[in-house]
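# just need the structure, nothing else, for what follows:
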Amino acid sequence: MCSKNKMIAVVPKLRSGFGNRLFQLSAALWTIEQLQASGHSAQLRLFSNYIASEPHDSSLNALEIIDLPEVISGSPQAPMSLLRGSFDDLERALKLITKTEQTIILEGYFQDHRYSESLRPYAMRFIHSLGPAKESAFLHVRIYEDHVFNTFKTDIAKYYQQCQAQAASQTFDVYSNDNAAATKILKNCNFKYTVIPKMSALETFENMVASSGGIISNSTFSWWAACFMQWKTPGVFVLIPSPWANMQSIAHVMSKFHGFFQPLVYFEKPEFKAVKFKSASHPIVLVFLGVLAVWLCKLLGRLA
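Residues are numbered from 1 along each chain as shown. Down below sits the predicted model:
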């Protein structure tokens, strides 16, 4: 077993955008909690060589809105253990540590809502700084680089149309990285909404967190805005595409092979309502299953 009197440094590799970095930090903090629950001493360490340059608006730095230790120059020292994978993979890996660990490196996206509560205590100063909740809710429209509206095989225009039945009386502030495209998507919706002029990512996040409810897009940015918003004002409503409801890595990947739609259903943790997708077999999946069936038939024929 790992020596229980030795401090274990848990070091996340931070990369991609703001939302992904919050998941990576949450996974690291969750890992520390698991180690401490097992009687080990553990602490979060951040190293400059393990923090990639911000790919988007530098006004929103994940390390500046939550209370974390200072970044150390360079890289951690050996010996190190590298952990990656899903929530279940990480949970199993922590139980299998048998040598004296000095440093655990976490590498991956860790998009799983079960890590999020570990971040809450470190986000409260930022949340309390925002003042009372706004009267309006937020509606986030994330337009990806190719400007294809069917992001992840999701008809997002239809998604927003379905959401309006659940929030017909609500007034929304619309935030988007492309207001013209967002207006086009929402043209057939009967929401009461105002498209907010583009602002910095930090200002956008602050306004979304301070809202009285929200409709998120296929975006970790707005998922975290909704999560912070519920920590700030428990009980506010959130509508969310179902592949993002669980925010588990496998569910996230498989959302690429899902189509639309079923009525809204409740999702318990966090208290999001999810627009649930009904399965629509993707051509690539059908081809793969066909090839697999042929291979199995041949194998069974040889064994007969």
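# could you pull out the helices in the chain for me?
Under the criterion DSSP state H, the chain contains helices at 18-37, 62-65, 87-95, 120-128, 156-164, 179-185, 201-209, 220-232, 242-245, 249-254, 283-303.
# for Leu106, which of these is the nearest?
Among the helices of the chain, helix 18-37 comes nearest to Leu106, with 5.4 Å by C-beta to C-beta. C-betas here are computed from N, CA, C, even on glycine.
# quick one: buried residues of that closest one?
Residues 18-32, 34-35 are the ones in helix 18-37 that count as buried (16 or more other C-beta atoms under 10 Å).
# on that earlier part again, turn the helices of the chain into a markdown table, including mean pLDDT and distance to Ile104.
Listed next are the helices of the chain as a markdown table, based on pLDDT from 0 to 100; distance: least, C-beta to C-beta, whole Å:
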| stretch | mean pLDDT | distance to Ile104 |
| --- | --- | --- |
| helix 18-37 | 92 | 7 |
| helix 62-65 | 81 | 19 |
| helix 87-95 | 82 | 8 |
| helix 120-128 | 91 | 19 |
| helix 156-164 | 81 | 38 |
| helix 179-185 | 91 | 41 |
| helix 201-209 | 92 | 29 |
| helix 220-232 | 91 | 23 |
| helix 242-245 | 63 | 28 |
| helix 249-254 | 35 | 19 |
| helix 283-303 | 62 | 35 |
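# of all the ones you listed, which one is nearest Ser75?
Checking the helices of the chain against Ser75 by C-beta to C-beta gives helix 18-37 as the closest, at 16.0 Å.
# show me the contacts for the most centrally placed residue in the chain.
In the chain, the C-alpha nearest the mean C-alpha coordinate belongs to Thr220, at 4.0 Å (C-alpha atoms, centre = their mean). Going by C-beta atoms under 8 Å, 6 or more residues apart in numbering, Thr220 touches Gly17, Phe18, Gly19, Asn20, Leu22, Phe23, Gln111.
# out of the residues you listed, the closest to Leu44 would be?
Set against Leu44, the nearest of those by C-beta to C-beta is Leu22 (13.7 Å).
# so that closest one touches Ala62, yeah?
Yes: Leu22 lies in contact with Ala62 (C-beta atoms under 8 Å); the separation is 5.5 Å.
# using the record's assignment, carve this protein into domains.
7-126, 133-275 (automatic domain parsing).
# how about those in a markdown table, adding distance to Leu296?
As requested, those are exported to a markdown table (distance: least, C-beta to C-beta, whole Å):
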| stretch | distance to Leu296 |
| --- | --- |
| domain 7-126 | 27 |
| domain 133-275 | 21 |
